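In: Need the 3D shape of this:
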Amino acid sequence: MDTAAAAPDPTAATEPRAEGSGSPGPSHAARPSVPARRWLLDPAEAFTGTALRARLLGSRYSMATTPVSLRVWFWMAPILTALVGGLLRFLRLGQPPSLVFDETYYIKDAYSYLQSGYERNWAEKANDLFNQGIFTGLEQTPEYVVHPPVGKWMIAFGMWIFGPESTFGWRFTAALVGTLSIFILALIAQKMFRSTILGAVAGLLFAVDGHAIVQSRTSLLDIFVMFFALAAFGALIMDRDDGRRRLAAKLSALAGPDGRIPSKALLYGPWLGIRWWRIAAGVALGLCIGTKWSGLFFLAAFGLMSVVWDMNARRIAGIKYWVLGAVWKDGIVAFVSMVPVAAATYLASWTGWFRSTDAYDRHWAQENPSTTWGWVPDSLRSLWHYHYTAYNFHTGLASDHPYKANAWSWLVMGRPTSFYVKNYENGDGGCAVEKCTAAITSVGNPLIWWAGTLALLFLIGVWITKRDWRAGAILVGFAAGFLPWIFYPMRTIFFFYAIAYEPFMILAIVLVLGMILGKIGDPPWRRAQGAIIVGIFLVLTVAISAFFYPIWAAEIIPQEYWRQHMWLPSWI
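Out: Reported below is the predicted structural model:
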């Protein structure tokens, strides 16, 4: 997943390539004066701070030496793409003015949280009253639910600000995190590919994709799973560079007057201290798991990925036992920084349940004493039993549903989920033809999703042949969001779960587009040719999104026009 580093100017569009590939940058004169491979020929130069940073991080360009006109775009490009995405998400956010699809569960649960800190039952036909801003259907008895609290607390935040009767408030937090995700993804792409242009491309693709737009305009839980997983990934990207800087600094400090490091110090390498970005990733992953348990797969995948990065960093630095050194000096601390932190964050999200006196299963342990586990506090034993029953529910869920979609079909958008459909006759709701339809369908931009699947397959070959750490990291994120679901072919699952891995699919597209653009050192005709191809792809993507936007935002359109959007029979 990782290799040594070499990179071009971060403000210019370049081909993402395997670090250490030896591909030329802008010019030898523009590079830091560290002769390539000199440390192999002159051991006295091997462990200077400059040589170690060059091996571990590549040729970096300081923001201070970048022209102000380009430096501004480092922040402006992500901001502008987030603004575009924000407009597509926030405009008419209150439409339709009623609960949509599974909002019937999570928005009402969020209101219950505002009242008591846990889920309570609702009377029959409570939806009709809730849609009118009447909340008398909330009962005093606790409700059995099978998803943790974080996502519902996030929804409750918007309702607390704008009032529970505001349909805009119902969906505010989903739209907010959907917009912030665009900004974060653009920054991640900039850092991974060292290109402001490619960062902007990543942000733009995420901003205009319909699957992300629909998830941001409806209050379901999966948008929050994606957001926290993406935030954790970004934190670990930051930790990767931070850890390598620390390793370079600590090793260079051990060098004697002759520039050599005692061989004993190179057996396992130094301890790098507390890694704060890793702790931040642990918190984000705890919140991800606290939204849906599928976040556990991101915790496992990202944790292993970061340790592999540390192993390779020690190998590149010249540590003899780099695997054992990474496990002993980094792996244990990495585990403590992420797993217990994530667990503590997860437990904290159940505060409302702990503080309650009558939440579901709150007193199960008191009613079921145990001689074996009696030493465990009753509250934790009760929570464990609650989780046990919820786990059995999830693994046994196999009810039929018209929009059930096998995970393999996600790769081609075989069965997008219809969140909302309402038909109108001429004269109703502004319908000016015989029949109209307002719909919310979680179909993504076909060009993005179909190209994204091809890009992910291509990245497998890129990683195998080049060991490009970026290809490996993208594939790990995709695998964590996708692969677990293929082991439950009989379970009732839906296409909108794929939002969890969508940012990594977009990063795959951007890596391929960077290759098409070419390197700075390529002939002008090659660069121009690449720019034309990428430009055509982006123009077509935006045009297709403009065509599909009405069925993402519940706009009232002629029914025949709605049918023109159903490119596959399985989309209806």
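In: longest helix of this structure?
Out: For the chain, the longest helix by residue count, based on DSSP state H, is helix 222-253.
In: Measure how the following helix or strand past it sits relative to helix 222-253, angle-wise.
Out: Next helix or strand after helix 222-253 toward the C-terminus (DSSP states H and E): helix 276-289. On the basis of axes from the mean of the first three to the mean of the last three CA atoms, to 10 degrees, helix 276-289 is oriented at 160 degrees to helix 222-253.
In: Send over whichever helix or strand comes after helix 276-289 as PDB, restricted to the C-alpha atoms.
Out: As assigned by DSSP H and E, the chain's next helix or strand after helix 276-289 is helix 295-317. Only the C-alpha atoms of helix 295-317 are listed here, as PDB (Å, rounded to 0.1, in the frame of the first residue of the first chain):
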ATOM      1  CA  GLY A 295     -18.600   1.400  10.800                       C
ATOM      2  CA  LEU A 296     -16.800  -1.500  12.500                       C
ATOM      3  CA  PHE A 297     -15.500  -2.600   9.100                       C
ATOM      4  CA  PHE A 298     -13.900   0.900   8.600                       C
ATOM      5  CA  LEU A 299     -12.300   0.700  12.000                       C
ATOM      6  CA  ALA A 300     -10.700  -2.700  11.200                       C
ATOM      7  CA  ALA A 301      -9.600  -1.800   7.700                       C
ATOM      8  CA  PHE A 302      -8.200   1.700   8.500                       C
ATOM      9  CA  GLY A 303      -6.400   0.400  11.600                       C
ATOM     10  CA  LEU A 304      -4.600  -2.300   9.600                       C
ATOM     11  CA  MET A 305      -3.900   0.100   6.800                       C
ATOM     12  CA  SER A 306      -2.200   2.700   9.000                       C
ATOM     13  CA  VAL A 307       0.000   0.000  10.600                       C
ATOM     14  CA  VAL A 308       1.100  -1.200   7.200                       C
ATOM     15  CA  TRP A 309       2.000   2.400   6.300                       C
ATOM     16  CA  ASP A 310       4.200   2.500   9.400                       C
ATOM     17  CA  MET A 311       5.800  -0.800   8.500                       C
ATOM     18  CA  ASN A 312       6.700   0.500   5.100                       C
ATOM     19  CA  ALA A 313       8.000   3.900   6.500                       C
ATOM     20  CA  ARG A 314      10.400   2.000   8.700                       C
ATOM     21  CA  ARG A 315      11.500  -0.200   5.800                       C
ATOM     22  CA  ILE A 316      12.200   2.900   3.700                       C
ATOM     23  CA  ALA A 317      14.000   4.600   6.500                       C
END
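In: got the buried residues for the longest helix of the chain?
Out: Within helix 222-253, the residues scored as buried using 16 or more other CB atoms under 10 Å are 222-240, 243-248, 250-252. The way it works is simple: take the backbone N, C-alpha and C, and place the C-beta from them, glycine included.
In: Over to stretch 331-345?
Out: So for stretch 331-345, counting by 16+ other CB under 10 Å, buried means 331, 333-334, 337-339, 341-342, 345.
In: Could you confirm Ile493 falls within a strand?
Out: No: Ile493 is assigned coil when assessed by DSSP: H, G, I helix; E, B strand; the rest coil, not a strand.
In: what helix or strand does the closest residue to it other than its chain neighbours sit in?
Out: Of all residues not flanking Ile493 in the chain, Trp485 sits nearest, at 5.7 Å (CB to CB, 6 or more residues apart in numbering). Secondary structure assignment for Trp485, by DSSP H and E: helix 469-486.
In: for the protein, what spans make up the strands?
Out: In the chain, the strands defined using DSSP state E lie at 120-122, 138-142, 418-425, 435-441, 556-558.
In: In its sheet, which strands sit next to the last one, and in what direction?
Out: It stands for strand 556-558. strand 435-441 (antiparallel) (DSSP bridges).
In: In the partner strand, which residues are buried?
Out: Buried, per 16+ other CB under 10 Å, within strand 435-441: 436-441.
In: Give me the contact list for that strand.
Out: Residues from elsewhere that reach strand 435-441, judged by CB atoms under 8 Å, 6 or more residues apart in numbering: 96, 100-101, 210, 214, 217-218, 416-426, 428-429, 551-559, 562, 565, 571.
In: can you do 6 Å?
Out: 416, 418-424, 551, 554, 556, 558-559, 562 (CB atoms under 6 Å, 6 or more residues apart in numbering).
In: next one: phi and psi at the residue nearest to Leu220 when sequence neighbours are not counted?
Out: Nearest non-adjacent residue to Leu220, counting by CB to CB, 6+ apart: Asp102, 5.4 Å away. Backbone geometry at Asp102, expressed as degrees, to the nearest 10, gives phi -80, psi 0.
In: For Asp102, give its distance to Asp522.
Out: Distance of Asp102 to Asp522, computed by CB to CB, to the nearest Å: 49 Å.
In: Please name the nearest non-neighbouring residue to Gly199.
Out: Here the residue nearest Gly199, using CB to CB, 6+ apart, is Gln190, at 3.3 Å.
In: And for the one you found, the neighbour number?
Out: 24 (other CB atoms under 10 Å).
In: Same check on Gly178?
Out: 29.
In: tell me the contacts of the residue most central in space within the chain?
Out: Centroid-nearest residue in the chain: Leu230, 2.7 Å away (criterion: CA atoms, centre = their mean). Leu230 makes contact with 181, 184, 503, according to CB under 6 Å, 6+ apart.
In: doesn't Leu185 make contact with the last one?
Out: Right, Pro503. Yes: using CB atoms under 6 Å, Pro503 is in contact with Leu185, at 5.1 Å.
In: For the residue nearest to Phe162 when sequence neighbours are not counted, give its distance to Gly151.
Out: Among residues not flanking Phe162 along the chain, Gly169 sits closest, at 2.9 Å (CB to CB, 6+ apart). In this view, Gly169 and Gly151 are 16 Å apart by CB to CB.
In: What ranges in the protein fall below the confidence cut-off?
Out: For the chain, the stretches flagged by pLDDT under 70 are 1-43, 60-65.
In: Now go through the contacts of Leu230 and say which are in helices.
Out: 181, 184, 503.
In: Can you give me the neighbour number for the first one?
Out: Right, the one you point to is Ser181. 28.
In: Then the second one?
Out: Residue crowding around Ile184 was assessed by other CB under 10 Å; the count is 21.
In: what about the helices in the stretch 351-500 of the chain?
Out: Using DSSP state H, counting those that start in this stretch, the helices of the stretch 351-500 of the chain run over residues 351-355, 364-367, 378-396, 407-410, 446-466, 469-486.
In: What are the contacting residues of the fourth one?
Out: In other words, helix 407-410. 415, 485-486, 495, 498.
In: From the residues you listed, keep the buried residues only.
Out: By 16+ other CB under 10 Å, the contacts of helix 407-410 give 415, 485, 495, 498 as buried.
In: isn't the first one right up against Ser570?
Out: Spelled out, it's Arg415. Yes: contact criterion CB under 6 Å: Arg415 and Ser570 qualify, at 5.2 Å.
In: count of neighbours near Ala255?
Out: Neighbour count for Ala255, taken as other CB under 10 Å: 18.
In: How about it: what's its closest non-neighbour residue?
Out: Phe47 (4.7 Å).
In: The one you found contacts Leu254, correct?
Out: No: counting by CB under 6 Å, Phe47 stays clear of Leu254, with 7.5 Å between them.
In: which of those two has more neighbours?
Out: Phe47 (24 against 15).
In: Who are the contact partners of the more buried one?
Out: 251-252, 255, 261.
In: That one and Val307, how far apart?
Out: Per CB to CB, Phe47 is found 24 Å from Val307.
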